[in-house]
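> Next one to model:
(2 chains, ligands or ions: 3)
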Amino acid sequence: MTVFLIRRLMQAVVVLFAMSLIVFVGVYAIGNPIDILISPEADQLERERAIHALGLDLPLWEQYFVFLQRALTGDLGRSFAFGAPALQIIVERMPATLELAVAAMGISILVGIPLGMWAGFRPESFGGRAIMAGSILGFSLPTFWVGLMLIMVFAVHLGWLPSTGRGETVEVLGLQLSIFTWNGWTHLLLPAFNLALFKMALVIRLTRAGMRENLLMDYVKFARAKGLSPGRVIFVHVLKNIMIPVVTILGLELGSVIAFAVVTETIFSWPGMGKLIIDSINQLDRPVIVAYLLITVSMFIFINFVVDILYSVLDPRVRLKEMKS
Amino acid sequence: MTASAATGPTLVVDDLRTHFHTRAGVLKAVDGVSFTVDKGRILGLVGESGSGKSVTGFSILGLVDPPGRIAGGRILFNGEDLATASEQRLRDLRGNRIAMIFQDPMMTLNPVLRIDTQMIEALQAHQKMDRKTAFARARDALGQVGIPSPEERLRSYPHQFSGGMRQRVAIAIALLNRPDVIIADEPTTALDVTIQAQILFEAQKLCREVGTALIWITHDLSVVAGLADEICVMYAGRVVEQGPVVDVLDQPLHPYTHGLIGSVPSRNRRGRPLTQIPGMAPSPLSLPAGCSFRTRCPRADAACALPPPMAELLPGRHARCIHPHLEAVAA
Ligand SMILES: Nc1ncnc2c1ncn2[C@@H]1O[C@H](COP(=O)(O)OP(=O)(O)OP(=O)(O)O)[C@@H](O)[C@H]1O
Ligand code: SF4
Ligand SMILES: [Mg+2]
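Numbering: from 1, shown residues only, chains lettered A, B, ... in the order given. Ligands and ions are numbered 1, 2, ... in the order given. Next up, the predicted model:
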């Protein structure tokens, strides 16, 4: 187990280092922030002073070196646009995005697993077919379009739910969260559902496939031959087997939900990291872009790591093997 | 044993028909099977692959997979007809009064549940029992089938057992509630010869001592020879010959049984090539009219175009054939 942890940690460091290099060079290539940051009326001297202050006069490798040195001390640079540390700006917006992502995940699991189980249990029934048709829509409709439709129907036409912003938040453990207020929930529901739609379709598919496959297995018949109730066979024997791939894949998808939040946050003006990164790209706010990408990568690494552990907890067959190697 | 046990044999299968309604037509996997098993007796159910042995076993438990269903006949368990019993009643009996051991030990246990969970639930499904008592019962059952340090092994997962050990676990689960009938569906085919012999010995002992009625499904005649009291030979969903094991194996009446025995290597036939029954088993969807063995039978003639009835050809010996091997008996 310890060896496993150390190995994963070393891998993480290498990936982060490689990522920082790619991101830094990539961002450097997409234009000159000075053109945007400094008013065209500024004179040459002012321009040069600004360039020097931002460290943009140094050669690329030196800029990267300075960046890396600072990054190691936890300083990812100051935002050109906000004048505040990039890391701090991102971390401030992180709870909103995480909250949205977790709520979306929660919705896709709570809705997707029961629907998928039913569709797998009764694939020929009307309900089963309807669920599958729905999941195809979930896969194929573009997120932004669904988002706009949701706003049209629930915010504009029916006026039930607000369409923008986060609503009231409450500070919990130092985090600003909206899931603890009614008003917060009304704001969260539409964007979370929008973000959940694609994953929900995925969960339905995975669960249905797992259900169909497992129901045909001998162990199910043997469980029935023991005289167990159908409930126990489905919700203990089968569900436990289905949960292995579902949890693994969903865990890995959590990263992409956070990344996909960009679209949803933009549509619903949700003040999270996704909206921040779009604004930062528009303003060529390099430190924020770089910091965002690095933090996202770290998050992916961390999530994968947790999923690995979770997977081995769920599946006794990998528990011993994987951990040893 | 239940109160009605005194009224007659433990299990009577009478003209059982189990049909699968497939897109290609009605597949008569079991088509008029009858046999009787009594307390402490062992019935060997033999036949080639696809002859309907497993489906017969599943029919008794009411576990035929769709699109299959019991289309006719009776399954009398202590006098109660299971073919028409409710699902609730069948569930009460399954694993409790009638247990089944499956063909493939690698597939029968749930890979993600510990052995103790899978054993305890089998007990608690049928009687109120606290976990501790159930655990002790499970431990004893594992010990009974010869699993060393059962207490420890109970906390393992199936993948930590070898195939032979898993089958023992499955047998232990079948024994847990001390059933009246055990249906063992080729439980030893996947195991090596020594373990097979051990399990056979234990099965026989159990049956004699506890009085369990045992149905042993196999396609291996040598297994049946040493184990069973009675034998039923199945061909294409029908019983073609039935009788005491010793007599049937010594003096098979039906040409199919004759062929099967010819294909078993035995001591006095050593060195001689194994006789194969010529031809292929017919597709269960398009059986020949009349005797279904006609296409492969060396004795077939025009008379076999009419379905032969099951007839008692010798005392206690039944066969479904118009030209049985009676001349050897007469001589
Ligand atoms: N679920 C099913 N759907 C359709 N046909 C089936 C199904 N299960 C069994 N059958 C058919 O029923 C017939 C009898 O099958 P069964 O499994 O009883 O054979 P068996 O005698 O146990 O053979 P084996 O020795 O290979 O186990 C076969 O022709 C098989 O194709
Ligand atoms: S009835 Fe005819 S075809 Fe059938 S087994 Fe007897 S001899 Fe052969
Ligand atoms: Mg079989």
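
> can you confirm A:Lys240 is in a strand?
No. Under DSSP: H, G, I helix; E, B strand; the rest coil, A:Lys240 sits outside any strand and is assigned helix.

> How many residues are close by it?
Burial measure for A:Lys240: 17 neighbouring residues, criterion other Cβ atoms under 10 Å in any protein chain shown. The C-beta positions use only the backbone N, C-alpha and C, and glycine is treated the same way.

> now swap in B:Ala122 and tell me
The number of residues packed near B:Ala122 is 28, by other Cβ under 10 Å.

> what does B:Arg69 give?
14.

> what do you get for A:Phe305?
17.

> and what of A:Leu158?
A:Leu158 has 9 neighbouring residues, counting by other Cβ under 10 Å.

> Repeat that for B:Met119.
B:Met119 - counted by other Cβ under 10 Å - has 24 other residues nearby.

> In terms of pLDDT, where does it sit?
Predicted confidence (pLDDT) at B:Met119: the value is 93.

> need the helices for the stretch 201-325 of chain A, in chain order.
Counting by DSSP state H, counting those that start in this stretch, the stretch 201-325 of chain A has helices at residues A:218-225, A:230-232, A:239-267, A:273-282, A:286-314, A:316-324.

> List the buried residues in the first one.
Along helix A:218-225, the positions that meet the burial threshold by neighbour count (16 or more other Cβ atoms under 10 Å in any protein chain shown) are A:218-225.

> before we move on, back to that, and the helices of the stretch 201-325 of chain A, which is most packed in?
For the helices of the stretch 201-325 of chain A, average neighbour numbers computed from mean count of other Cβ atoms under 10 Å in any protein chain shown are highest in helix A:218-225, which has a mean of 23.

> quick one, helices of the stretch 51-200 of chain A?
Remark: helices assigned in the stretch 51-200 of chain A by DSSP H, counting those that start in this stretch are A:60-72, A:86-121, A:126-140, A:143-150, A:182-215.

> try chain B
Counting by DSSP state H, chain B has helices at residues B:53-61, B:87-93, B:105-108, B:115-124, B:131-144, B:150-153, B:163-175, B:193-210, B:221-227, B:245-250, B:255-262, B:327-330.

> For A:Leu250, which of these is the nearest?
Of all the helices of chain B, helix B:115-124 sits nearest to A:Leu250, with 24.9 Å by Cβ to Cβ.

> Packing partners of the closest one?
helix B:131-144, helix B:163-175 (3 or more Cβ pairs under 8 Å, 6 or more residues apart in numbering or on different chains; DSSP states H and E).

> so can I have CSV of the ones you listed showing distance to B:Pro255?
What follows is those, written out as CSV (distance: least, Cβ to Cβ, whole Å):
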stretch, distance to B:Pro255
helix B:131-144, 42
helix B:163-175, 34
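
> Would you convert these into TSV that also reports mean neighbour count and mean pLDDT?
Shown next, in TSV, are the helices and strands packed on helix B:115-124 (neighbours: other Cβ atoms under 10 Å in any protein chain shown; pLDDT from 0 to 100):
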stretch	mean neighbour count	mean pLDDT
helix B:131-144	17	90
helix B:163-175	24	87
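
> Next up, the contacts around B:Tyr157.
Contact partners of B:Tyr157, counting by Cβ atoms under 8 Å, 6 or more residues apart in numbering or on different chains, are A:316-317, B:111-115.

> Now the buried members of those.
Counted by 16+ other Cβ under 10 Å, these give A:316, B:111-115 as buried.

> wait, which of those is closest to ligand 1?
When the buried ones among the contacts of B:Tyr157 are compared for distance to ligand 1, the smallest value, 22.2 Å, is given by B:Pro111; criterion: Cβ to the nearest ligand atom.

> ok, back up a step: figure out which of the helices and strands packed on helix B:115-124 is closest to ligand 2.
helix B:163-175 (35.2 Å).

> Direction-wise, compare that closest one with helix B:193-210 and give the angle.
In terms of direction (axes from the mean of the first three to the mean of the last three Cα atoms, to 10 degrees), helix B:163-175 departs from helix B:193-210 by 10 degrees.

> Counting by contacts, list what helix B:163-175 packs against.
In this structure, helix B:163-175 makes packing contacts with strand B:98-101, helix B:105-108, helix B:115-124, helix B:131-144, strand B:181-185, helix B:193-210, judged by 3+ Cβ pairs under 8 Å, 6+ apart.

> and the fifth one, which strands flank it?
Same thing as strand B:181-185. As defined by DSSP bridges, the strand partners of strand B:181-185 come to strand B:98-101 (parallel), strand B:213-218 (parallel).

> avg pLDDT for it?
Taken as a whole, strand B:181-185 has an average pLDDT of 91.

> quick one: pLDDT of whichever residue of the stretch 51-200 of chain A sits closest to ligand 2?
Residue nearest to ligand 2 within the stretch 51-200 of chain A (Cβ to the nearest ligand atom): A:Glu124, separated by 40.5 Å. Among the per-residue scores, A:Glu124 shows a pLDDT of 87.

> That one: neighbouring residues, count only.
Burial of A:Glu124 is recorded as 6 neighbouring residues (other Cβ under 10 Å).

> A:Leu9 too?
Taking other Cβ under 10 Å as the criterion, the count of residues near A:Leu9 is 11.

> which phi and psi does it have?
Reported as degrees, to the nearest 10, the phi and psi values for A:Leu9 are phi -70, psi -40.

> A:Arg49 too?
Main-chain dihedrals, A:Arg49, degrees, to the nearest 10: phi -60, psi -40.

> any chance of the buried ones among the contacts of B:Tyr157 in CSV, with pLDDT and distance to A:Ile89 too?
Formatted as CSV, these follow (pLDDT from 0 to 100; distance: Cβ to Cβ, whole Å):
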residue, pLDDT, distance to A:Ile89
A:Pro316, 75, 44
B:Pro111, 90, 48
B:Val112, 90, 44
B:Leu113, 91, 48
B:Arg114, 91, 49
B:Ile115, 92, 54
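
> right, and the helices of the stretch 51-200 of chain A - which one's nearest ligand 1?
Sorting the helices of the stretch 51-200 of chain A by Cβ to the nearest ligand atom, the top spot, which is the nearest, belongs to helix A:182-215 at 12.2 Å.

> Off-centre distance for the closest one?
From the chain centre to the centre of helix A:182-215 is a distance of 14 Å (Cα atoms, centre = their mean, to the nearest Å).

> same question, stretch B:127-141
Taking the mean of its C-alpha atoms, stretch B:127-141 sits 28 Å from the chain's own mean (Cα atoms, centre = their mean).

> Just the buried positions in stretch A:186-205, please.
For stretch A:186-205, burial by neighbour count (16+ other Cβ under 10 Å) applies to A:187-205.

> which non-adjacent residue is nearest A:Thr264?
Closest residue to A:Thr264 in three dimensions, ignoring its sequence neighbours and counting by Cβ to Cβ, 6 or more residues apart in numbering or on different chains: A:Leu195, at 4.6 Å.

> Wait, that neighbour touches A:Leu100, no?
Yes. Using Cβ atoms under 8 Å, A:Leu195 is in contact with A:Leu100, at 6.3 Å.

> Which neighbours do these two have in common?
Where contact means Cβ under 8 Å, 6+ apart, the residues bridging A:Leu195 and A:Leu100 through contact with each are A:261, A:264.

> What residues does the stretch 51-200 of chain B have near chain A?
Contact residues (Cβ under 8 Å from any Cβ of the partner chain) of the stretch 51-200 of chain B with chain A: B:58, B:61, B:63, B:65, B:91-96, B:99-100, B:102, B:104, B:107-114, B:118, B:121-122, B:125-126, B:157, B:159, B:170, B:173.

> In ChimeraX, how would I select just the buried ones from these?
ChimeraX command restricting those to the buried ones, with burial defined by 16+ other Cβ under 10 Å:
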select /B:58,61,63,91,93,94,95,96,99,100,102,104,107,108,109,110,111,112,113,114,118,121,122,125,126,157,159,170,173
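
> Nearest to B:Ile199, out of the buried ones among the contacts of B:Tyr157: which one, please.
The shortest separation between B:Ile199 and any of the buried ones among the contacts of B:Tyr157 is 18.0 Å, and it belongs to B:Ile115 (by Cβ to Cβ).
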